[in-house]
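Chemist: Mind looking at a prediction? Sequence and model below.
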Amino acid sequence: MGVYEELVARGLIAQVTDEEEIKELVNSGKAVFYIGFDPTADSLHVGHFMALCLMKRLQMAGNRPIALIGGGTAMVGDPSGRTDMRQMMTAETIQHNVDCFKEQMSRFIDFGEDKAILVNNADWLMDLNYVEVLRDVGAHFSVNRMLTAECYKQRMEKGLSFLEFNYMIMQSYDFYKLYQKYGCNMQFGGDDQWSNMLGGTELIRRKLGKDAYAMTINLLLNSEGKKMGKTQSGAVWLSAEKTSPYDFYQYWRNVDDADVIKCLKMLTFLSLEEIDELAKLEGAEINKAKEILAYEVTKLIHGEEEANKAKTTAQAVFGAGKTDENMPSTDLTYDELGDGIQILDLMLKCQLISSKGEGRRLVQQNGVAVNDEKVKDMFLKITSSDFTDGTLVIKKGKKVYHKVNLM
């Protein structure tokens, strides 16, 4: 089975421009391809993870990836999948985010000599002359066709700014520049980028008379059709400072039964034969597949040591209800405790809830426990007597445990 056929079998491929040509390039290791990442935050998140996995798979097959960080396009903002305009960022914020992306990608992709390339489109977009862009690039784009693109439809309802309207042209120009400079013959991206990617292949054909190709990968959706990688507290980040390895492990450990095999296929490097065996598990045994998923994905992002710690902690907490040194924790000083601290204030401090209103609802639904005792009173006061050897454990819902250390 070639790498292209494996991508199909894993459910990764959504749309392609020229399947036979793409299959030949990819399977023979002759693809020089790029994937773009706009630095809208200071960390990559789960939504980027599948693209990184694709890059790694294709690199392992001898193809050469180009990771393009959108330091220039981030100045405009991608309207794809948006009903509102993205918040404008300063040049300093964008550069900080670019630096964070570079560090994270380098842990995942081999940027050794002739292995992969890391580029920033600010290097060419920021110096463009407006009139030259209108004449040399804009002349090749039909406004009528652009307005039918899926990436603009949602924004059209509330008003598409001229700033955002230029995003497709900028992304197309990226592909054109990468083709010229690095021989980049292929662009991969999320399925919501299809129109932008076609713009790039068309610009290369019109300007250079050459063929270039595009392939989109399926978005990571759960069985309800919603994007995965979100929790009540926000995105699941690849940065250990923003989402701890334990919380990252727990996210994948707690995916729905209906999603675990799909995630194993898309996000791990286990063989399809191994995954097919796991797909035979039923009932409570499905938890074994979830544990393997959580471990494999955490190992890819945070390394084997952190994956082992997260697994050990989860087994200790959920298996025997014990605490573990790697369990998420918050330090509470004696001054902060005083003669007692209300449970909702303590949960806010531990970032287990975003508001007291959320905390009250949890208590009313029997969703909070302290040291395995259900909290019935939302005004419950926690005192030093509730701590054993300087610790207590708050349980939120069925799966979130948090240790409080009295210092």
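Modeler: Cool, the structure landed.
Chemist: list the contacts for the closest residue in space to His45 that isn't next to it in sequence?
Modeler: Closest residue to His45 apart from its sequence neighbours, by Cβ to Cβ, 6 or more residues apart in numbering: Ala235 at 4.5 Å. No exception for glycine: its C-beta is placed from N, CA and C like everyone else's. Counting by Cβ atoms under 8 Å, 6 or more residues apart in numbering, Ala235 touches 41, 45-47, 229, 243.
Chemist: who's Ala235 bridged to?
Modeler: Lys230 (DSSP bridges).
Chemist: mind checking how far it is from Gly229?
Modeler: As for Ala235, its distance to Gly229 is 6 Å (criterion: Cβ to Cβ, to the nearest Å).
Chemist: what do these two both touch?
Modeler: Contact criterion Cβ under 8 Å, 6+ apart; residues shared by Ala235 and Gly229: 45-47.
Chemist: can you list the weak-confidence ranges in this structure?
Modeler: 76-88, 139, 142-144, 146-165, 231-233, 318-326 (pLDDT under 70).
Chemist: quick one: secondary structure of the residue in it sticking out farthest from the centre?
Modeler: Using Cα atoms, centre = their mean, the residue of the chain lying farthest from its centre is Asp339. It sits 43.1 Å away. Of the three states, Asp339 takes coil under DSSP: H, G, I helix; E, B strand; the rest coil.
Chemist: I'd assumed Ile382 was in contact with it.
Modeler: No: applying Cβ atoms under 8 Å, one finds Asp339 not in contact with Ile382, separated by 10.7 Å.
Chemist: who's in contact with stretch 258-268?
Modeler: Contacts of stretch 258-268 (Cβ under 8 Å, 6+ apart): 9-12, 49-50, 53, 218, 220, 222-223, 228, 252, 255, 270, 272, 275, 278-279, 286, 289-290, 292-293, 296-297, 300.
Chemist: buried stuff in stretch 124-143?
Modeler: 124-125, 133, 137, 141 (16 or more other Cβ atoms under 10 Å).
Chemist: Taking the residues you listed together, which two end up most distant?
Modeler: Trp124 and Phe141 (18.1 Å; Cβ to Cβ).
Chemist: ok so, going back, could the buried residues of stretch 124-143 be laid out in CSV, adding distance to Asp247?
Modeler: CSV is the format used below for the buried residues of stretch 124-143 (distance: Cβ to Cβ, whole Å):
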residue, distance to Asp247
Trp124, 38
Leu125, 36
Val133, 44
Val137, 44
Phe141, 44
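Chemist: Which of these fall in strands?
Modeler: The members of the buried residues of stretch 124-143 all map outside strands under DSSP state E.
Chemist: Relative to Lys399, which of the residues you listed is nearest.
Modeler: Leu125 (44.2 Å).
Chemist: That closest one is in contact with Gly72, isn't it?
Modeler: Yes: using Cβ under 8 Å, Leu125 is in contact with Gly72, at 3.1 Å.
Chemist: overlap in contacts of the two?
Modeler: Met170.
Chemist: domains of the chain?
Modeler: Split into domains by automatic domain parsing, the chain comes to 3-217, 230-320, 329-406.
Chemist: Nearest residue to the residue farthest from the centre of the chain in space, please, no chain neighbours.
Modeler: Distances taken as Cβ to Cβ, 6+ apart put Thr383 closest to Asp339, at 7.0 Å, once the chain neighbours are dropped.
Chemist: Counting neighbours, what do you get for that neighbour?
Modeler: Counted with other Cβ atoms under 10 Å, residues neighbouring Thr383 total 11.
Chemist: Distance check, the nearest residue to Met75 once chain neighbours are set aside against Lys177.
Modeler: Among residues not flanking Met75 along the chain, Ile94 sits closest, at 6.9 Å (Cβ to Cβ, 6+ apart). Note on Ile94: its distance to Lys177, by Cβ to Cβ, is 19 Å.
Chemist: Could you check which of those two has the larger neighbour count?
Modeler: Ile94 (22 against 18).
Chemist: residue contacts, that one?
Modeler: So Ile94 contacts 39, 71, 74-75, 122 (Cβ under 8 Å, 6+ apart).
Chemist: Swap in 6 Å and give it another go.
Modeler: The contact partners of Ile94, taken as Cβ atoms under 6 Å, 6 or more residues apart in numbering, are 39, 71, 74.
Chemist: quick one: contacts for the first one?
Modeler: Read it as Pro39. Pro39 is in contact with 69, 74, 94, 97-98, 101, counting by Cβ under 6 Å, 6+ apart.
Chemist: hmm, 7 Å instead?
Modeler: By Cβ atoms under 7 Å, 6 or more residues apart in numbering, the contact set of Pro39 is 69-71, 74, 94, 97-98, 101.
Chemist: okay, the residues you listed in TSV with secondary structure next?
Modeler: Listed next are the contacts of Pro39 as TSV, based on three-state DSSP:
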residue	secondary structure
Ile69	strand
Gly70	coil
Gly71	coil
Ala74	helix
Ile94	helix
Asn97	helix
Val98	helix
Phe101	helix
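Chemist: Of the residues you listed, select the buried ones using a ChimeraX command.
Modeler: The buried residues among these can be selected in ChimeraX (16+ other Cβ under 10 Å) with this line:
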select :69,70,71,74,94,97,98,101
